[in-house]
Structures are given as C-alpha cells and as structure tokens.
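1. Using only what follows, build the 3D model:
(one chain, ligands or ions: 1)
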Amino acid sequence: MEIPYCVFGVIDERIDNFTPPPDAGDSQPFGEFKSEFRNIPIYRLKKKVDFCSECLCNKYCSGFFKNDILKFGLGDLRPITNS
Ligand code: SF4
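-> Sure, this is the predicted structure:
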C-alpha cells in the first residue's frame, strides 16, 4: 500500500496506491505538520509529477508522497508505458 506502481515497474493487483490517504482523525497534528486539509497531515500529502501524464496508471494512481520526492527525488523512476 501507498507505493506507486512505477516503483515496482509493474501494474499488479497486489499494489494499492489508489486509496486516498486515510483520515488521520484524532491523530491530525497541530502546528507545522497540519495541512490545509482537515484530516491529512503534511507528511501524508501526495503529488503527481510531470511524467505521470504519460503513465498507464495515471487515472487511478494517487502519486508519490511529497515528502519522499523532496527527500529522495525521482532517481531512475519512469512511468509505466506498457502493461
Ligand atoms: S501515475 Fe505517476 S506515481 Fe503513479 S505509477 Fe504512474 S508514474 Fe508512478
């Protein structure tokens, strides 16, 4: 869960990266970790990158955690263009 298909390089039903981040409920932090979304802390925010538009998963994949992209970059990751 929560790992984009392109990290594995395959589309596989065992990968679940389409479920939205879970409602953090009471664990929503205060202060600097609180996002503009009511129940999603900033470290759970996701984003797409430019090459996602070329990916076969783009319509149902929820993308990368922003934190991961900021911390590790994209490395050699590529969109999935064949199934
Ligand atoms: S839509 Fe983007 S994040 Fe999702 S698998 Fe494709 S390239 Fe990776």
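
2. got the residue ranges for the helices in the protein?
-> Secondary structure of the chain, counting by DSSP state H: helices at 5-8, 66-72.

3. quick one, which of those is nearest to the ligand?
-> helix 5-8 (3.2 Å; C-beta to the nearest ligand atom). In this view, the C-beta of every residue, glycine as well, is placed from N, C-alpha and C.

4. I'd like to check what contacts the closest one. Which residues are they?
-> Residues from elsewhere that reach helix 5-8 (C-beta atoms under 8 Å, 6 or more residues apart in numbering): Ile11, Asp12, Ile15, Asn17, Cys55, Cys57, Cys61, Leu77, Arg78, Pro79, Ile80.

5. Most tightly packed of the helices of the chain?
-> Most buried of the helices of the chain by mean neighbour count (mean count of other C-beta atoms under 10 Å) is helix 5-8; its value is a mean of 17.

6. Would you agree Asp16 is in contact with Tyr60?
-> No - the pair Asp16 / Tyr60 is not scored as a contact, 10.3 Å apart, by C-beta atoms under 8 Å.

7. tell me which parts of the protein are close to the ligand?
-> Taking C-beta under 6 Å from any ligand atom as the criterion, the chain approaches the ligand at residues 4-6, 48, 51-52, 55, 57-58, 61, 63-64, 79-80.
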